[in-house]
Every structure is written in C-alpha cells, then in structure tokens.
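S.K.: no sequence on hand, only this structure:
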C-alpha cells in the first residue's frame, strides 16, 4: 500500500505540473511576442524570470487540476466500473437500487482492498495520461486562437511584419500540437481500455462482488 500511495502522489503531481508548466511556457512565449509588438521588452533577470515561471506554472497547474473539466468528458464518464456495480446491484432482485455515489464508494473499496496492485499502476498511469493530454489539448486551443487573432489584428493594423511573422509562427506551432493531439488521440481510447480491464476483473470475481454487495446492504436480504 505504501508503494501505491507514493505512486498515486507522484502521478497526481504530474497532473498538476505538466499542464501547469505547459501553460506557463506558452504564456511566456506569447508575452514576449506581444511585448515586442508594443516596443517593450520583458525586463526580468534570470532568477526573477525563473521565480515568475515557477509561480505561474504552479498556479496554472493547480487551477486546471481543481477545475476537473476532464471528468465531464464522454470518455471519462462512459463504462465506469462503478456503473457496472450499480447495474449488477439492480440485477440482483433481493437488493435495493444502489445510488451512484454508493456504487463509487464500493468500487474504490474493491480497488483498494481486492484488485491487485499491478492494476493500480495502470489505473494511475493512464488516468494521468488522460487528464494531462486533455489539459494540453485545451490549453493549446486557447493559445492557438489567441495568437491567431493577435496575428490577424497586427496584420490589419500594424506595419510591423516581424511581429506578425512571430505570432503566426507561434500560432502555427501551437495549432499543430493541438491537431496532433486530436488526430492521434490515445488518451480517450486508453481510458476506456483501462475501464474495460477493471470491469473484466469484476466479472471474473463475480462471487466476491455479490458478497460485497450483500454485505453493503444486509437488511435488504429480509
């Protein structure tokens, strides 16, 4: 359990740091480009710039982590093992209807106490990949749109072709990252494969699942 706990903490840290510092990197590049457009420079020393970068990355990472918008996506919501448990309880005539929150609690109990630890690593890893890639995709879209609009605005109202070129190049790179993330989207597929593996384990261990369902609601067997 200690190894699983340390792995969980490491993967959760990755879900904060990778999207956060990706956001900070894009923001820094866009800020430099826009500062040059107005004839200004970012006057920060090496240490100051590093501290700002660290601070912005942490704040952005924690904000994206707290928002949890990735959990509302179809790939995350569909075929969850807790939904399997809820359906299983409904199919057992001597059990009352199980609420979704209760099914989720039972799922985490089974995960933490019965499912082998090798599954935990896979769950943590692919869960981290899923959340990280979706956050990178969304952040790329925000900055790509902003850079494109900025480049179009300067192309229309400013004679400075260098600024337009810089913004256009930045927008192109970020659009490419976004499109590659969408085109080669393994995050959603791996998340669903992860769920299917867990559901298969529950199906193979059907006797244990039924015992735990009845233990959860002992009064329903009257």
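M.R.: Everything's here; your move. This one's a predicted model, so the numbers in the text were calculated from it and none came from an experiment.

S.K.: residue 202 and residue 214, how far apart?
M.R.: Distance from residue 202 to residue 214, counting by C-beta to C-beta, to the nearest Å: 15 Å. C-beta coordinates here come from the backbone N, C-alpha and C atoms, glycine included.

S.K.: give me the more crowded residue out of those two.
M.R.: residue 202 (18 against 15; other C-beta atoms under 10 Å).

S.K.: and the residue lying closest to the more buried one once chain neighbours are set aside, how many residues sit next to it?
M.R.: Closest residue to residue 202 in three dimensions, ignoring its sequence neighbours and counting by C-beta to C-beta, 6 or more residues apart in numbering: residue 209, at 5.5 Å. As a burial measure, residue 209 scores 21 neighbours (other C-beta under 10 Å).

S.K.: just the helices in this structure please.
M.R.: Taking DSSP state H as the criterion, the chain carries its helices at 2-37, 46-67, 74-77, 81-91, 100-113, 117-157, 161-183, 186-204, 206-216.

S.K.: contacts for the last one next, please.
M.R.: For helix 206-216, contacts defined as C-beta atoms under 8 Å, 6 or more residues apart in numbering pick out 85, 88-89, 92, 94-95, 98, 102, 106, 109-110, 114, 202, 220-221.

S.K.: if any of the residues you listed are buried, put those into a PyMOL selection.
M.R.: Buried residues within the contacts of helix 206-216, by 16 or more other C-beta atoms under 10 Å, are selected in PyMOL with:
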select buried, resi 85+88+89+95+98+102+106+110+202
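
S.K.: low pLDDT regions in the chain?
M.R.: Across the chain, the ranges flagged by pLDDT under 70 are 1-6, 36-45, 68-77, 157-160, 217-222.

S.K.: ok so, going back, relative to residue 141, which of the contacts of helix 206-216 is nearest.
M.R.: Among the contacts of helix 206-216, residue 85 lies closest to residue 141 (C-beta to C-beta), at 35.2 Å.

S.K.: just give the nearest non-adjacent residue to the closest one, would you?
M.R.: residue 103 (4.6 Å).

S.K.: good, we can wrap up now.
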